[in-house]
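1. need coordinates for the below:
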Amino acid sequence: MFKENANRFDLEQDIMECWNITKDLDSLLLAVERGDEDQVMNIIIGLRSLYELKFDKMFNTFEQCIRNR
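-> Predicted coordinates:
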């Protein structure tokens, strides 16, 4: 999951992946409009876990870029 020889292009890719949260939140809004409270809560929990992983990956890439400078 984490690259040992990360470079600035890897970091840019990880940052762009984190921006996907806005699209994911748009999808969540559809579930909210349908009024399915259980589904909304499950999506929120899943998004939180997913983005915690993505931000951890991005920060690790950042650290590798600093080390590889």
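
2. ok, residues contacting the lowest-mean-pLDDT helix or strand in the chain?
-> One helix or strand of the chain scores below all others by mean pLDDT, DSSP states H and E: helix 21-34, with a mean of 87. For helix 21-34, contacts defined as C-beta atoms under 8 Å, 6 or more residues apart in numbering pick out 39-40, 43-44, 47, 50-51. Any C-beta I mention is one placed from the backbone N, CA and C, and that applies to glycine too.

3. redo that, cut-off 6 Å
-> Residues from elsewhere that reach helix 21-34 (C-beta atoms under 6 Å, 6 or more residues apart in numbering): 39-40, 43, 47, 51.

4. for it, C-alpha coordinates in CSV please.
-> The C-alpha coordinates for helix 21-34 follow below in CSV (Å, rounded to 0.1, in the frame of the first residue of the first chain):
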residue,chain,number,x,y,z
ILE,A,21,-14.7,12.9,-1.1
THR,A,22,-16.8,15.6,-2.7
LYS,A,23,-18.1,13.2,-5.2
ASP,A,24,-18.7,10.6,-2.5
LEU,A,25,-20.6,13.2,-0.5
ASP,A,26,-22.8,13.9,-3.5
SER,A,27,-23.7,10.2,-3.6
LEU,A,28,-24.5,10.3,0.1
LEU,A,29,-26.9,13.2,-0.5
LEU,A,30,-28.9,10.9,-2.7
ALA,A,31,-29.4,8.4,0.1
VAL,A,32,-30.3,11.3,2.4
GLU,A,33,-33.0,12.4,0.0
ARG,A,34,-34.4,8.9,-0.1
